[in-house]
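**Student:** Sequence plus the predicted model coming up.
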Amino acid sequence: MPADHLSTTFAALADPTRRAILSRLATGEATVKELARPFSISGPAISRHLRVLERAGLIARGRDAQWRPCTLKAERLKEVAEYADEFRLIWEQNFDRLDEYVRTMKPRNQG
């Protein structure tokens, strides 16, 4: 298992089921049963997904008598956003240069 937070987070986010679980938790806490409802997979499979998300620090699982609520922990998602934002800036600069190049080409082709 990767040692750094970012690698662990990306590994957890690599699965579409886990991303869907996070999207659901973004609307508020939910039980394991509620999280499993939209998927046609077994209870143990959902539990494995939740363990991956919990190990990555993306969710917290509580215990309230028989109710086991899961909640989203967004701090790790913020780390992913900050990491991706660095690349967004690079791409914006590349597109700005390309846009400038295209503007210089137009006058030559129109004449």
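**Tutor:** That came through, no problem. Numbers count the residues shown, from 1 in each chain.
**Student:** can you tell me the average pLDDT over stretch 6-25?
**Tutor:** Regarding stretch 6-25, the rounded mean pLDDT is 96.
**Student:** Show me the strands in the chain, by range?
**Tutor:** Shown for the chain, the strands assigned by DSSP state E span residues 30-31, 59-61, 69-72.
**Student:** Let's have those in TSV, adding mean neighbour count, mean pLDDT and distance to Arg37.
**Tutor:** In short, each C-beta sits where N, CA and C put it, glycine included. As requested, the strands of the chain are exported to TSV (neighbours: other C-beta atoms under 10 Å; pLDDT from 0 to 100; distance: least, C-beta to C-beta, whole Å):
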stretch	mean neighbour count	mean pLDDT	distance to Arg37
strand 30-31	17	93	9
strand 59-61	18	94	17
strand 69-72	18	94	13
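**Student:** Output the ones you listed in TSV, with distance to Leu50 appended to each entry.
**Tutor:** As requested, those are exported to TSV (distance: least, C-beta to C-beta, whole Å):
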stretch	distance to Leu50
strand 30-31	11
strand 59-61	7
strand 69-72	6
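**Student:** hmm, which helix or strand of this protein has the shakiest average pLDDT?
**Tutor:** Lowest on mean pLDDT, DSSP states H and E among the helices and strands of the chain sits helix 75-110, with a mean of 84.
**Student:** Out of the strands of the chain, flag the one nearest Leu6.
**Tutor:** Closest to Leu6 of the strands of the chain is strand 59-61 (C-beta to C-beta; 17.0 Å).
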